[in-house]
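Peer 1: could you work out the structure for the sequence below:
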Amino acid sequence: MSTNMRGLNTFITDIRHCSNKEQEEKRVEKELQKIRGKFTSQKGLAGYQKKKYVWKLLYIYILGYEVDFGQQECAFLINSSKFSEKYTGYVATSILVSEKTHDLFTQVASSIRNDLQSVNEINQSLALTMVGTQAPQELVNALHQDVQKLALTESRSTFHVRKKACACLLRMYRKYQDKFQPSQWAQGISQMFESRHPSLGFMTAATSLLVGTCQLDNPSIFEDCTPKLIKLLHKIAIQKDSPGDYNYYATPAPWLQVKILKALSFFSPPPPSTDSHRQLTECLTKIIKKTEVTKSINKNNVDHGILFEAANLVITYNGAVGMELKNDILKLLGIFISVKEPNLRYLGLETMCKFVKLAGDSLEDHLNTIFKSLRDNDISIRKRALDLLYLISSPNTSQRIVEELLSYAENGADLQIKDDLILKIAILSEKFADNLYWYIDVVVRMINSSGDFVTEDIWFRIIQIIVGFQKEGNIELQKYAATKLFSQLSMPHVHETLICIGAFIISEYSQMLVEQNKEPQKLFDILNKHYTFSTERSRQMLLNAFVKLACKYPELKDQAIMICQIAGEHFDPDIQQRGIEYFSLLMEDDKLLNQIVVKMPPYSEQVQQNNPLTKRIYVMVLNSKEQKDPTLLNQARIQASQEIAMAEQKLQNKPEQLQKHLSWLKACPYLNQFQGQIALEGINIMVPPSPEDNNLKSPSISNLNEIKVLLTTQVGKVVDKPGELVVQYKSEISGHLGKVSFQFEGTSPIQNLSILVSQTNGMLFNILPVKQGDFPQVMMQVLSYDGNMTLPIASIFYEQNGQQKKHEFHLPIYTNKFVQPVDMPYDKFTKFFDDFTNNLSNQNYFKLDTFIRNTAPSNIPMTEVLKKAGGLLSVGLNLKAQPFPSLENLQMIWACGQLMIKPPEQNNILNLPIMVVISSLDQTTEFLRVGIRCGGNGEIAKNYLKLIMLYLG
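Peer 2: Numbers count the residues shown, from 1 in each chain. As a prediction, this is how the structure comes out:
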């Protein structure tokens, strides 16, 4: 095209002849001034001239210079009837026109629609390519129906145009999911695979559309495509019915084969004894057994790509198809993880991670090879090897694997994976510790070699195991741990984490060491020698230990008093507070001291089952940034999601409670009225909290009346004790972040006030310095990180009239404070609500259904009760509440919102959906039906029901 434009050729030649960057910049600036002058001139430009200047702008843009004008001329060239000008307009618009230029796209939308509806294949292709490149919102709104029609219906358009339409539609759908309903595409997509003489290029685009849609929506709506996909795969892989243009190094249509195998992984396996089952088994057998390594790297790449996708399909089907190929797959993977090619090693290790459950103990034969991969030069291979070792650990191999991981940690493991490495060592050593002495030895070695990477949750868990669970701890284990830690702390330099654990264990089980002829003074000295050079965290634990030892051995009391007295003047507020309180405590009578400083009781069974380390492992997998492809992400995370759901279900719903609740629902006389709307089967069915479990009504909340008011408002008194203490409260929370401020008022001045916040489940607090005065003020920043929230407790310490005082009160910060309303049409709300209800296996869908008593007087009409419920949901609970069918004929209130949280392990904010339905019953006015659906965490639904019952039930 440039041969017909002499000015463009001259400009390009001038640029190429520039000897330095300055000359080039001057020439470009001169040309930009010239073009700007032409575009702003009163004289109209011919189409040829516009085209020439636009190509110059494109060339300047490609050189890396900013082009901030000419976009309108680019877009208007689309209206031209000449192909060369229209082509120029489409190319330049897709490159130079920003998506933010809303008006331009609106102006040319009509011309683009005309090209889409024309019979000119070239014009259709140009329009689809430009729209698909950016998919600006204005063009998507105006043209999505035209693009769907081209892609999904067999019209006069050729396969080439339909192929581009499929790609364009997928781009639109990925960008604006809310605008499309893929369920309406099921028939059209299914018909794509029924064409008698299909173009393989079109089949590739159609399969891409199917895969992309299944990644973002419910795949079951496309289940009819399964036999057609298998038939197409059989035709290509077995019959080799593929045009020569689609063969790559003698492999027929390899990219289409990969896409078909990936698409099949979204659907259920074909039933046995069917043609589809036989054909799929034949395809998988050929791919897995007859794939050979050749001298051609390119052929090996495509063949191995198909092979790995076939192995993934066998794993996804869990042996329902191709189970007899398990040993062949395992043999191939064993070869792949031992070759020199790093890409194959990585893929082999990754596929083995997915193959663990299906392979059983067979993977143990490859331990030595996996150990070698743990020390590979490639960090990604080391990470996959570590993941695989963790997954294949069993009672037979655990000690060998843990020893290897410890050796790796001691000999300079990469810092990028050391956090994960230490966490996995801690979990495996606990999970497979037949000999608990071995567990203690592993823990000590781990802290000595990598103490900086032993986080608090790890050493907290270590202490829990030593203390024990349920009725009584393991005395022999406690004795061994105390002896081992005493020996370790006898050394001059010890890691602070070991000091923290040692301080707790030695003081807690000191009598066991004394029975071994170790003097109490020696125990005290061993701990005290580390006090001076320890961090604040270690000193806090050591102060606890000193008080416990002083309580057990009176001869140590004076030394402990002296240390606590000095600590009472420490700059760290926590150490200072401990020092002051412990000093006061040690000055009390020994009888009182013995009542306060008691032996640590064993932890509950619930603590034993709820291992935070295991949950942290799966959260790390779920939040992994390495796997960008949504399909791989789905496959790699499925085990993690199941483990988390099982753990949370175990904690949230005891089986007998769940069965009792479901039996009650099924026997309820009002059930038939809501047939299909109440969840009675599947996972993640939540049990409503009993009245004694509703912590919002707990008598332990001293400021319950104030809490009830402030949970639905932002300003008021959180403590109201006239004549003693009044605490003014104000909150400003938006999204997952907020700030709360307090002012403390008393009948006499309040001095030296300090404040702490405890029991902050689901929230993090940052307390800013207190502004002292007669009426002290303090501000806190608050962040939500988990849906499982409880009311935080604030503890204030202050002086008034020369007396030290302490007061505790709850803060009115709960799940609803971090919720934003979502405006949604009723039909869409109903669709989502029903999807949550009827989906029996989605790990992220939580549902809660119950009937609550209507506490309003019998003379109050049900419409007024529902209006009150709507006001509560809308104003108090921050949902977008709407009436159905109308405010005049009110039968139901439906509300929608999203809880915003930011988990510490993630960089992005999570928006968890919340949907609530409150409706009346035809038969009675005594009860209200409440249905709640939410994502992410079942405790969100429970918390919202607690709030509803607090105000309505």
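Peer 1: what's the closest non-adjacent residue to residue 207?
Peer 2: Leaving aside its sequence neighbours, residue 207 sits nearest to residue 259 (CB to CB, 6 or more residues apart in numbering; 4.1 Å). For every residue, glycine as well, the C-beta is placed using N, CA and C.
Peer 1: how about whichever strand or helix holds that neighbour as CSV, C-alpha atoms only?
Peer 2: Remark: residue 259 resides in helix 254-264, with elements defined by DSSP states H and E. Output in CSV follows, covering the C-alpha atoms of helix 254-264 (Å, rounded to 0.1, in the frame of the first residue of the first chain):
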residue,chain,number,x,y,z
PRO,A,254,-2.4,-30.3,17.2
TRP,A,255,-3.8,-27.1,18.6
LEU,A,256,-7.3,-28.2,17.9
GLN,A,257,-6.6,-31.6,19.6
VAL,A,258,-5.3,-29.8,22.7
LYS,A,259,-8.4,-27.5,22.9
ILE,A,260,-10.8,-30.4,22.5
LEU,A,261,-9.1,-32.3,25.3
LYS,A,262,-9.2,-29.2,27.5
ALA,A,263,-12.9,-28.7,26.7
LEU,A,264,-13.7,-32.3,27.6
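Peer 1: what helices or strands is it leaning on?
Peer 2: helix 200-216, helix 225-237, helix 297-316 (3 or more CB pairs under 8 Å, 6 or more residues apart in numbering; DSSP states H and E).
Peer 1: and that helix, what's buried?
Peer 2: 254, 255, 256, 257, 258, 259, 260, 261, 262, 263, 264 (16 or more other CB atoms under 10 Å).
Peer 1: so what touches it?
Peer 2: 200, 203-204, 207-208, 210-211, 214, 225-226, 229-230, 232-233, 236-237, 246, 248, 280, 302-303, 305-306, 309-310, 312-313, 631 (CB atoms under 8 Å, 6 or more residues apart in numbering).
Peer 1: quick check: mean pLDDT of it?
Peer 2: Taken as a whole, helix 254-264 has a mean pLDDT of 92.
Peer 1: what's the angle between it and helix 200-216?
Peer 2: Helix 254-264 runs at 30 degrees relative to helix 200-216, counting by axes from the mean of the first three to the mean of the last three CA atoms, to 10 degrees.
Peer 1: beyond helix 254-264, next helix or strand please.
Peer 2: By DSSP H and E, the next helix or strand past helix 254-264 is helix 275-289.
Peer 1: what's that next one packed up against?
Peer 2: Contact analysis of helix 275-289 by 3+ CB pairs under 8 Å, 6+ apart lists helix 225-237, helix 297-316, helix 326-336 as its packing neighbours.
Peer 1: present those helices as TSV; the columns should include mean neighbour count.
Peer 2: Converted to TSV, those look like this (neighbours: other CB atoms under 10 Å):
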stretch	mean neighbour count
helix 225-237	21
helix 297-316	20
helix 326-336	18
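Peer 1: any idea which of those helices scores lowest on pLDDT?
Peer 2: Ranked by mean pLDDT, these end with helix 326-336 in last place, scoring a mean of 85.
Peer 1: I'd like to know which elements that one is packed against.
Peer 2: Judged by 3+ CB pairs under 8 Å, 6+ apart, helix 326-336 is in contact with helix 275-289, helix 297-316, helix 342-359.
Peer 1: between helix 200-216 and the one helix or strand residue 171 maps to, find me the angle.
Peer 2: Using DSSP H and E, residue 171 falls within helix 159-175. When the same axes, to 10 degrees is applied, the directions of helix 159-175 and helix 200-216 differ by 10 degrees.
Peer 1: residues making contact with the helix or strand following helix 159-175?
Peer 2: Per DSSP H and E, the first helix or strand lying C-terminal to helix 159-175 is helix 186-192. With contacts defined as CB under 8 Å, 6+ apart, helix 186-192 is touched by 148, 151-154, 198, 202-203, 206, 209-210, 213, 221-222, 224-225, 228.
Peer 1: what would the helices and strands packed on helix 326-336 look like in a markdown table with distance to residue 914?
Peer 2: Shown next, in a markdown table, are those (distance: least, CB to CB, whole Å):
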| stretch | distance to residue 914 |
| --- | --- |
| helix 275-289 | 41 |
| helix 297-316 | 32 |
| helix 342-359 | 33 |
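Peer 1: nearest spatial neighbour of residue 535, skipping sequence neighbours?
Peer 2: Counting by CB to CB, 6+ apart, the residue nearest residue 535 is residue 496, at 5.3 Å.
Peer 1: need the contact list for the one you found.
Peer 2: Residues counted as contacts of residue 496 (CB under 8 Å, 6+ apart) are 451, 534, 535, 537, 538.
Peer 1: backbone torsions only: list them for it.
Peer 2: Main-chain torsions, residue 496, degrees, to the nearest 10: phi -60, psi -30.
Peer 1: next one: it from residue 456, what distance?
Peer 2: Distance from residue 496 to residue 456, counting by CB to CB, to the nearest Å: 12 Å.
Peer 1: before we move on, the earlier item: any quick ChimeraX command for the buried ones out of the contacts of helix 186-192?
Peer 2: Per 16+ other CB under 10 Å, the buried members of the contacts of helix 186-192 correspond to this ChimeraX selection:
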select :148,151,152,202,203,206,209,210,213,221,222,225,228
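Peer 1: next structured bit after the helix or strand of the chain with the lowest mean pLDDT?
Peer 2: The weakest-scoring helix or strand in the chain, judged by mean pLDDT, DSSP states H and E, is helix 630-652 (a mean of 44). The C-terminal neighbour of helix 630-652 among helices and strands, as given by DSSP H and E, is helix 655-667.
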